[in-house]
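Undergrad: Fold the following for me, if possible:
(one chain, ligands or ions: 2)
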Amino acid sequence: MQTSQDLERKLAAIDRRGYPAYKSLRGRYDFRDFVLSIDHVQGDPFAAPSRVSLMIPAEVAGFPRELSAEPHRRVALEDTLCRRFAAEAAHVSFNVGGSGKSGLIATSRPGPEVLARSACEVTSAGITMRLEVGFPAHGRTVDARALDTMLFELIPACAERSLLADTGALAAARAAVELADDQHAVRCALKRQGLVAFVADGSILPRASGASSKPLAGALPFQAPESMALTLDLPHRGAVRGLAIRRGITLVVGGGYHGKSTLLQALQDGVYNHVAGDGRELVITDASAIKLRAEDGRPVHATDISPFITNLPDRRDTRTFTTADASGSTSQAASLMEAVEMSARVLLIDEDTSATNFMVRDALMEEVVAAEHEPITPFVERARALWEQAGVSSVIVVGSSGAFFPAADAVVHMECYRAFDITQRVRSVLAAHGMAAEAHTDGEQVSWEHVRTRRLVLDCGRSGSSQRGRRAGASRGRGGSRGRDDRRPAKLKVQGLDGFSVGEHAVDLRQVEQLVESEQTAALARMVRLVLERGLLDGTRSLPQVVELVFREVEQRGWQALDETGAPGCGLALPRPLELAACLNRWR
Ligand code: ADP
Ligand code: MG
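TA: Ligands and ions are numbered 1, 2, ... in the order given. Next up, the predicted model:
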C-alpha cells in the first residue's frame, strides 16, 4: 500500500494541471491511524463528486466489541457514527473555495429511521466511513493545495471528532445501542406473544406536517386502553406499557379527523426502528407488515387474483392475471396476493387509500347487481379466511362501514386522538341485530399459499440479452462472444422516492409507501440490476427465492455486492425484501 507521503508527492506533482490529472490519485494510502482510499475520481468539478473512504482499525477507534456484537447493535452503532460524521462534515464542507463542487465533504444524512447504510460499515476489522468529496479546482485547473488541506486536515479532523471512542462518542453509541436493544426486545416479544404491533404509552404519532418527519409539537401522547394494554419488560427501560395489537383482524374506527390514519401510518413506519427523540421509538410493528392500497395504473405480472376477482367480462384468466394498467380493485388484489407470496404476516389497510369495491359490497347492491355479474369478492368476505387459512393478520381503518364488524377480533375506537377498546360494544350491537361474530369462516377453502411458487419471468429487453453473456462468463469474466457493450452495466437513474429506471425499464414506486429514504430506492435500483445481470428471473426460481438470493449476497459480501467497481460509496440504505419484490412486481 502507498503511504500518505506518496499521496502528498502525487498532489504536489499535479498542482495547476488540467482536472483529469486528479485521476492519478486513485488508490489506497496508509495514514498510520487509518487508511484513506480514493475510490473514484470525478471527471470534472461539476460532475458527481469523488468517492473517498476511510478505514479506521477497530483498535484505533476503540469501541468495545459488545457494541457491535449483534446485527441490531451494529446497525445502531453505524447509524450513530454516520450521523456524527455528517454533522462534523457539515462544518467544514466548502471551506476551501473553487468552482462547482470544489470543497464538498459529506456523507449520508439519515432521517429518523435507523437503517443499515453504505455510508458507514462496522466489522470486526474496524469502521469504514464512505464520503463524497468535491476535488477542488479553479475553472478546470487542479487546486492540489486545497485538496491537501481537505485530505490531510479537514477530513481527518472530522474523523477524529466523530469516529473515535472518546467519552462523547462512547456515550452516544451506548445510548443508541441501548435503545436498539429495547426495540429488538419488543420485536422478539411480538413474535413470542403473537402480536402484530406494540405502541408504547407516551409515543408521539403525528408528524409536524405531510412534508416533515419531525414529531408534531403539542400532540397528545398515545395512551393504550386498559383492556388492550400490555406491559413489556425491556432490558434498559424496564417496564413499558403500551397497546398490544394482537394477530387476527383488528379494526380502527372513529369519526373523521380523529387520528385513525395517523395510528396506521405509525404502524406502517414501525417496521423500521427510529432514533431517540422521534416519538415513535417504541412503536414497533412486525417487520413483514405491508401497507396495502389501491394503485390503479400499476402493471401486474401473472399473479393469481382469483380469490378476489373471477369472471371478468373479457374472460381473462384471473389465476395468472397480467396487465399493464390495473384498476383500483385489481391492483389492490394483486398487491395482496404478492404480499402473501412474500410471506407477509400483516396487512395494513386504510379505507382512505383503498378501492371501495375491493373492500365491501352492501346488501342493496347485491340485490340489484346479481353476484354472477360481479367479478369481485370483496376483502370483507375474505379477511377472515386470509387470517385463519394463511395466517395473515389485518389492521383495517374503516370509518364509513360496519361491514367488517363481524370479521373483527378487536375494534379500536379513535376519538380525539385517544384510543378506546369497543370490541365488546361491537359484539353487543351485532347480537342486537341478530348477527354473530364470525367464529370461523364458512367452509369455503381458498387457496392462498400456491402463489408462493410463482415463477416471475420478466421481459427485460436489452438488459435481458446481456444476461446470457454474463451468466456464461460470471460477472467479471470475459463473457461469451458478445460485444463489450453488452457487458457494461445498465444505466441507473434514481428519482428520489418516486422510482428508478434500469436501462430503458422503469419502476414506479410512488404508491409503495413503506420506502422511507431515497437511499433505499438507490439500493433497490442496484439490486434489480443485479437480478437482471445474473439472469435470476429465468423461470427456475420463485420470486421469494430471487429476493432471498439478492439479500443473502448483500449480507455476505457487503455493499460491494451492489457495485461493479467494488467501491459503492455512500448513498445506499437497506430496503426490506418486500420492497425489492414490489420493484420486480412493478417492472415495466
Ligand atoms: P382520520 O384518519 O381519523 O381522519 P388523521 O389520522 O388523518 O384522522 O388525523 C387528523 C389530524 O389530526 C392530522 O392532521 C393529525 O396530524 C392530527 N393528529 C393525529 N393524532 C394526533 C395527536 N395525537 N395529537 C394531535 N394531533 C393529532
Ligand atoms: Mg384517515
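Undergrad: use CA for all of it now, contacts and neighbours both
TA: Will do.
Undergrad: Once you drop chain neighbours, what's closest to residue 86?
TA: Nearest non-adjacent residue to residue 86, counting by CA to CA, 6 or more residues apart in numbering: residue 107, 5.6 Å away.
Undergrad: got it, and residue 457?
TA: Per CA to CA, 6+ apart, closest to residue 457 is residue 537, 5.2 Å.
Undergrad: which SS state does that neighbour fall under?
TA: Following DSSP: H, G, I helix; E, B strand; the rest coil, residue 537 is assigned to coil.
Undergrad: How about residue 191?
TA: Recorded secondary structure, residue 191: helix (three-state DSSP).
Undergrad: measure it to residue 136 for me?
TA: Noted for residue 191: a distance of 53 Å to residue 136, by CA to CA, to the nearest Å.
Undergrad: was I right about the residue nearest to residue 457 contacting residue 544?
TA: No. Using CA atoms under 8 Å, residue 537 makes no contact with residue 544, being 11.0 Å away.
Undergrad: And this protein, split by domain according to the record?
TA: Per the record, the chain has its domains at 2-165, 290-451, 455-585, by automatic domain parsing.
Undergrad: And those domains: which comes nearest ligand 1?
TA: Nearest of the domains of the chain to ligand 1, taken as CA to the nearest ligand atom: domain 290-451 at 4.7 Å.
Undergrad: That closest one vs ligand 1: in contact?
TA: Yes. Applying CA under 6 Å from any ligand atom, one finds that domain 290-451 is in contact with ligand 1 at residue 417.
Undergrad: about what we covered before: what about the residue nearest to residue 86, how many neighbours?
TA: For residue 107, the neighbour count with other CA atoms under 10 Å is 25.
Undergrad: State the number of residues packed around the residue nearest to residue 457.
TA: Here the number of neighbours of residue 537 (other CA under 10 Å) works out to 22.
Undergrad: Repeat that for residue 296.
TA: So residue 296, with other CA under 10 Å, has 16 neighbours.
Undergrad: So in this protein, where's the weakest helix or strand by average pLDDT?
TA: Ranked by mean pLDDT, DSSP states H and E, the weakest helix or strand in the chain is helix 461-473, scoring a mean of 42.
Undergrad: pretty sure the residue nearest to residue 86 contacts residue 570?
TA: Yes. Assessed by CA under 8 Å, residue 107 is found in contact with residue 570 at 6.2 Å.
Undergrad: so what sits against both of these two?
TA: 119, 130-132 (CA atoms under 8 Å, 6 or more residues apart in numbering).
Undergrad: Tabulate those in CSV, adding columns for pLDDT.
TA: Listed next are the shared contacts of residue 107 and residue 570 as CSV, based on pLDDT from 0 to 100:
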residue, pLDDT
119, 98
130, 98
131, 98
132, 98
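Undergrad: By neighbour count, which of these wins?
TA: The shared contacts of residue 107 and residue 570, ranked by neighbours (other CA under 10 Å): first place residue 119, 30 neighbours.
Undergrad: Flag every residue of this structure that's near ligand 1.
TA: Residues of the chain lying close to ligand 1 by CA under 6 Å from any ligand atom are 206, 219-221, 255-262, 417.
Undergrad: Let's see if you can find the most crowded of those residues.
TA: residue 260 (27 neighbours).
Undergrad: ok so residue 5 is a strand residue?
TA: No. Applying three-state DSSP, one finds residue 5 to be helix, outside a strand.
Undergrad: Can you give me the pLDDT of it?
TA: As predicted, residue 5 sits at a pLDDT of 98.
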